[in-house]
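[1] Predicted structure and sequence below. I'll ask about it afterward.
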Amino acid sequence: MLNSLLSADLPRSRALSLVLVLILAALACAPFLVTGARPLNTAATICVYIVLVASYDLLLGYTGIVSFAHTMFYGIGAYGVGIALSSVDEPTWSHVFAGLAIALVLTLALALVVGLFALRVRAIFYAMITLAVAASFSVLASQLSDFTGGEDGKTFSVPELLSPGFTLAENEVFGRSIDGKLITYYVVFFGCLLLFLFLLRVVNSPFGRVLQAIRENEFRAEALGYRTMFYRIWANVIAALVAALAGALMALWLRYVGPKTSLGFEIMTDILLIVVIGGMGTMYGAVVGATLFILAQNYLKELMAHASGALEGVPLLAAALHPDRWMLWLGVLFVLSVYFFPVGIVGKLRLRKRG
Amino acid sequence: APDLKIALIAGKTGVLESYAKETETGFMMGLEYLTGGKMEINGRKIKVIVKDDQGKPDLGRTLLAEAYGDDKADIAVGTTSSGSALAMLPVAKEYKKVLVVEPAVADEITGAKWNKYIFRTARNSMQDALAAASTLKSGSIGFLAQDYAFGRDAIKAGKQALAATGSKATVVHEEYAPATATDFTAPSQRLFDALKDKPQPRVLAIVWAGPNPMNKIADMKPERYGIALAPGGNLLPIMKTWKAYAGTEGTIYYYYGFPKNKMNDWLVSEHTKRYKAPPDMFTAGGMAAASAVFTALSKVPSANSEQLVTAMEGMSFETPKGTMTFRKEDHQALQPMYHFRIKKDQKNEWDLLELVREIPAKELPLPVTNKR
Amino acid sequence: MSASLPLAQQESLPAAKRDIAPLLLVPALMLAMLPLVGSFPTWVTLSVAGLAMGMMIFIMASGLTLVFGLMSVLNFGHGAFVSVGAFAATMVLLPMHGWLEAESLAANLGALGLALIVAMLVTGVLGWAFERVIIMPVYGQHLKQILVTMGGMIVSEQLINVIWGPEQIALPLPATLRGSLILGDAAIEKYRLVAVVVGLAVFLTIFLVLNRTKLGLLIRAGVENGEMVEALGYRIRRLFVAVFAAGSALAGLGGVMWGLYKENLTASMGADTMVMIFIVVIIGGLGSIGGCFIGALLMALVANYAGFLAPKVALVSNIILMIAILLWRPAGLYSKSR
Amino acid sequence: MTAYSQQQPSLSTRDLTIRFGGHVAVNAVTADFYPGTLTVIVGPNGAGKTTYFNLVSGQLPATSGSVFINGHEVTRHGPARRTRLGIGRAFQLTNLFPHLSVIENVRLAVQARAGAGMNMFSIWSSHKELIARAEHYLERVHLMGRRDTMVGTLSHGDQRKLEVAILLALEPSIMMFDEPTAGMSVDEVPVVLDLIHQVKRDANKTVLLVEHKMDVVRALADRIIVLHNGTLVADGKPQEVMQSQIVQEAYLGTPEPA
Amino acid sequence: MLERQNQLDPLLTLSGVHTHIGQYHILQGVDLVVPRGGLSVLLGRNGAGKTTTLRTIMGLWQASAGSITFDGQDITRMSTPDIARAGIAYVPESMAVFSELTVRENLYLAARSGALDNARVDWICGFFPALKKFWNYPAGNLSGGQKQMVAIARAIVEPRKLLLVDEPTKGLAPAIVQSLMAAFRELKDTDTTILLVEQNFNFVRTLGDSVSVMDDGRVVHAGSMRELADDDELQTRLLGLSLDSHQ
Ligand SMILES: Nc1ncnc2c1ncn2[C@@H]1O[C@H](COP(=O)(O)OP(=O)(O)OP(=O)(O)O)[C@@H](O)[C@H]1O
Ligand SMILES: Nc1ncnc2c1ncn2[C@@H]1O[C@H](COP(=O)(O)OP(=O)(O)OP(=O)(O)O)[C@@H](O)[C@H]1O
Ligand SMILES: [Mg+2]
Ligand SMILES: [Mg+2]
């Protein structure tokens, strides 16, 4: 049962299993474990990022395609839902699904077109072309400001059931009222869980193995009779669709879309980093990496404030640990993690078990 | 009594870092000045919680919710980026707490997206535009702006402002350049071509967020065609590079040498003492926001939101720019602006501008655009 | 069974022909635009400005062609070196304020030259350290290079903020280089002429070093198979460090030129130019210094003409240029791997 | 040399030519290959043998001329399509999936044969029969002991054996070996030769072999084709061809030492 | 026999060399002596560790124990470039030609002195005429056998004390194998020592002076070539050669 749920791709390391179970449990119970806006927001962001990163890993880690356009698809999903919901005052579920459907169709079309035209060229050129396409898309989003809200983005409300004001039951459950926020969280959580399991299945299917073969040696895969272009385009499309769905979930959660939040190049670099920290081509790397990274991104500042407070007397160190310099340390972590986890955290844990 | 908690949200890291630093400095110095260094209002200690939204709207929103919900802040101030500020507005309404917007300038904050908990000490784009328009009485105007929503809105505001101030000048050309542009040869040429045969005086007005391309255009010698440049005021380090273009006129929100009042005198002397440089635009803005918060909390010791809103509507408060007043209709602080000229003989590295005229608030017919 | 056989055919095959089509691209573009622009002085202004801007872009991109094009190291941190170069120059230029304000070309250029040297030294040393600490473990792994250099870039930018503070720093042009020369009705900024001179000097130096010495070959061979180059007796590690440091120094040089052009320094000023620089290197063809040069000129010219003729197009002119070139030559203008 | 021509050729090329710039690597080669026959292609280094293979299996596009498989023209088809029509190919320079295990390498070939590549909803390891088949081929080349080793760490000779196993696993009707025994140790060569022998015995298979080792050529060839500077210069029974002057001069050099 | 060779002033000596690659223990105490002058052959089954031995000598893998002495100098811990500069040239199994560089550039790089010696190049091209023909052609586009020629030419483009050659005949046409044999003979005459890894016993039986056989990361036999060539039983035992397997 578990085996088929996880598509026979078990963690293969006791430490890793433990970590994964912990993360799953924490995310599943987050609304009952923590109070306050920020922790829950962090949990929801982790859920969405796990899926976003896992879908990117399908491209990068399994198929060997370097794309910089992944956030574009994430953005399309988010904007699809966002624009549909902000076009009306009292949005309903049909607005959500209509927006989502349009976004998915657009994603499919764009992923196909980009794949058909650009996947023929060398890897590094593909990366650059997707970078250009994504940049043009941002320009477009900014130019169509009447429609997209331009640089400022759009704030919108969500269907009744999900809005913060809504309460399902009079009574509290485990000391927490069942309100719209909580329901939204679980929509996000289960949505992401399903998408992740789907991706896990894809990479462990015969199809997934062909993708790996293409990554390893495209020339030979072709000689074995696999139409590699076809497989690469499919991988591109699947990854794009999943990213769009992740974007839609994020939009529902944030009730906001904007270029920085859903299209920015920063998100792309975050994704890249998480993939590498977690472990490329492992899927579980996305889980561990996203959790660590999002936690660091949200709480590194607080941690540093404590550290620099404690080191008040020491002049230089306190300055370097000043919370506003958190990016400095994130950068250092960037470098160190690539240094010390050349095969990612998951790879490292699995190696330790063997060695 | 429990502490009074004030949340200050700013884009302290990321591209707007230098702006946010100024706001924070100004805000803290403002409280220091107003409380006489005691950091108390009516005997209650003030606690300022500073948060960094990195200029990201989603983060701004979450931080404001955290400030109101988890930190139990009584009032909040922020933020640097207009996008983030706009995203924060509904949160104030959700939590029914006051948000003083500083220094974001988007008109919509006190326009379409406004709600009754929103007050703004910063000037808005329209006020900038009106000030600029009030110096352009006749002749031909060409606009240069960035090609995105902000730039286009600014020029729309500029044209409205010309109409509102009764200017007889005609806008002969609007030029939009990519926001990332580095080479201004092509846009300048287009503007020169459009302006050169039009009636005098010919003015090329530049509306640009971030480092202003004034130098690049001035280097192409617009005076060949009798065209004068009208830059909007900018940060001090940017205006420092303008000294070769002495005599150029424009309008600005704040320059440390212009206002004459006690608060500004203190700010200039203390700031120069502490940071070896005079205060800049956003420092003054931060101090103005501090003053608004201080004045309001002094009037409503309980910090009850509804009472605060009532007290703040129409409230006047002292700032480094002199007295500002929150207009009842849309809670925008009405304030003076300054018409400047770049100095020829500069006494020191920060002696950059001379005052042509202070434009009093009543000469700036700011329309009310929110739906109340 | 055939009787007579074409047995002996051992004369050497001819070397590949010189490919001049890309060289003609720049003049062809300029000529084609003359009738569209209409006015001759305007055309001169746009073209000269474009060529000079191209030179400036080339100076910044040249270091990247070395490390990316030749060594195949995707250094996203290149932008940070551009910034560091500009900030390092302030260490010379701000104290030498007097020299810059003097109305003497010699004094101005003297200060400028000194600033260039200091900036190149600082960035060269930084590049050396960067290579040792950050790049060394990830040769040949593009993806990790992207990440690790991005990390390096964040660290460098933050350190700029720590050292020089987060405020923007004004860096006014030297007195005699301000303003324009007016030729007829065309205005040509003086500073751009300096950029042309420096750009040409950089181009010729790199071109000669790579084509008249073993260096270019060694680097390319070393990227393909470093072990074998070592087995031939070359200390490839040292060579790579040196090339990387040289590339960084060039970025520093570009940074000073760029900083003086912008006249305002921010820590992210280099990073902001990265996409543009990458595009230049790509359309030039990996590893081709000549291609990079032509690419930079093309990009700046296209931006200027587009900005004049159809400003909306200028928003995406770089991207359109790149796609057009890649459609024509999928590996860039000049590519070594034919 | 008309002994084979009663049958329908399973593979034929007509005036097959490729130019690289001014250099003609394969020059108007016309040849037919028949099931149940093993043809050895010999020729000096650079004669165009590998390039000819590349043209037949679709790795390179022909400048002119055409290729037919069982009478169907395939000149415009890509390598994947030709493979699915029955061409299988082992490469001269080892060409594997270095970060996958030995068994996975072979399984990919088995799976390609079974046409199960697009299945994305079932679990790979649940296809037991495919794995069994892959193991069968590993056994035949004596590589079962290396079943789960990462291919990148195999010694050169073992990689050559895997190359052969993958070709067998594809079960093509037209098999092309490009110097299968190069770099293989002396005691392993017979294993591979045996395999080729077995394949050859199957009357439905057409086998093409490029080989420089004369003892191997003599042991296996039913027919020999000689390429020289891209041109087909000799075609016939092994004995005749080996004696011809061209082969003696250009290819073998001085008569082989005993 | 072995004693006599040792007295003949060994050029290269490996004693008790162990090499680990990652977690694998590949060489498990290799003892090998290459006498000065002459051609030594290293034989062994696939995976015996021959390539690993050569790479360890070149410093491309680090020996984890034992010592390697070349020409009186301990090179065990030296870096690859320094080992090469000490006078060792290497023809790797994978050939490792620089595919983006032309044939000329490949040879030019190998000439550390900075210039190609035309006479020597002509001498080399005498053995491998194809090189002349493809002189200005990117080496990556050459045929398999031609690449092998480039790899060998690169190692002999300048005189070196010791040549390490890993399976040079694979993929070479018989005529070229003959040339190669001639080349090795001439090299031997010019005081170059050669250590040759080879599967093709016919090729080395007339050429080799001494021979070592490896199995499972160890040298299991060392002696003179004549001895091995004459002793069919020894061949069968060491190499798995039987008469009918290479009829
Ligand atoms: N990079 C590596 N990682 C792990 N094991 C390796 C690696 N390279 C070689 N080996 C192992 O070391 C052993 C010896 O390999 P080596 O290449 O030295 O053999 P060889 O004698 O040259 O064989 P061949 O005749 O097939 O070339 C083999 O078992 C091989 O699998
Ligand atoms: N992609 C290519 N581009 C240019 N020339 C090529 C290319 N591929 C092969 N050639 C040339 O075509 C000729 C034939 O090469 P091919 O590899 O077919 O020879 P071969 O007969 O297999 O030789 P060998 O026995 O050495 O493997 C060679 O001269 C080679 O240089
Ligand atoms: Mg071949
Ligand atoms: Mg070997």
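    Now that the structure is in, tell me what you want to look at. Ligands and ions are numbered 1, 2, ... in the order given.
[2] Can you classify the residue nearest to E:V211 when sequence neighbours are not counted by secondary structure?
    Distance criterion CB to CB, 6 or more residues apart in numbering or on different chains; nearest residue to E:V211, sequence neighbours excluded, is E:V41 at 4.5 Å. For the C-beta atoms, the positions are set from N, CA and C on the backbone; glycine is no exception. Following DSSP: H, G, I helix; E, B strand; the rest coil, E:V41 is assigned to strand.
[3] so how many other residues sit close to E:V41?
    22 (other CB atoms under 10 Å in any protein chain shown).
[4] go on, B:G226?
    Using other CB under 10 Å: B:G226 sits among 12 other residues.
[5] Repeat that for the one 4 residues further on.
    When neighbours are counted by other CB under 10 Å, B:A230 registers 20.
[6] what's near enough to touch the residue nearest to E:V211?
    E:196-198, E:204, E:207-208, E:210-212, E:225 (CB atoms under 8 Å, 6 or more residues apart in numbering or on different chains).
[7] Of those residues, which belong to strands?
    E:196-197, E:210-212 (DSSP state E).
[8] Could I have the PyMOL command that selects the buried members from these?
    Per 16 or more other CB atoms under 10 Å in any protein chain shown, the buried members of the ones in strands among the contacts of E:V41 correspond to this PyMOL selection:
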select buried, chain E and resi 196+197+210+211+212
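[9] which pair in the ones in strands among the contacts of E:V41 spans the largest distance?
    Farthest-apart pair in these is E:V197 and E:S210; separation 13.8 Å (CB to CB).
[10] what would the ones in strands among the contacts of E:V41 look like in a markdown table with pLDDT?
    Formatted as a markdown table, the ones in strands among the contacts of E:V41 follow (pLDDT from 0 to 100):
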| residue | pLDDT |
| --- | --- |
| E:L196 | 94 |
| E:V197 | 93 |
| E:S210 | 92 |
| E:V211 | 92 |
| E:S212 | 93 |
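[11] And the residue nearest the centre of chain E?
    Chain E has E:V165 as the residue nearest its centroid, 1.9 Å off, counting by CA atoms, centre = their mean.
[12] who in the stretch 101-250 of chain D is up against chain C?
    By the rule CB under 8 Å from any CB of the partner chain, the part of the stretch 101-250 of chain D lying against chain C is D:228-229, D:231, D:233-236, D:240-241, D:244, D:246, D:249-250.
[13] Out of the residues you listed, which one has the lowest pLDDT?
    On pLDDT alone, D:A250 ranks lowest of these, at 69.
[14] Below-threshold pLDDT in the chain: ranges please.
    Picking chain A for this. Along chain A, segments meeting pLDDT under 70 span A:121, A:312-320, A:352-355.
[15] meant chain E, my bad for not saying
    E:1-8, E:240-247.
[16] how about the lengthiest helix in it as CSV, C-alpha atoms only?
    Assignment by DSSP state H gives helix E:174-189 as the longest helix of chain E. The C-alpha coordinates for helix E:174-189 follow below in CSV (Å, rounded to 0.1, in the frame of the first residue of the first chain):
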residue,chain,number,x,y,z
PRO,E,174,46.2,-3.9,-39.8
ALA,E,175,48.4,-1.7,-42.0
ILE,E,176,48.5,0.9,-39.4
VAL,E,177,49.2,-1.6,-36.7
GLN,E,178,52.3,-2.4,-38.7
SER,E,179,53.3,1.2,-38.9
LEU,E,180,52.7,1.5,-35.2
MET,E,181,55.0,-1.5,-34.6
ALA,E,182,57.7,0.2,-36.7
ALA,E,183,57.2,3.4,-34.8
PHE,E,184,57.7,1.7,-31.5
ARG,E,185,60.8,-0.1,-32.8
GLU,E,186,62.3,3.3,-33.9
LEU,E,187,61.4,4.9,-30.6
LYS,E,188,63.2,2.1,-28.8
ASP,E,189,66.2,2.8,-30.8
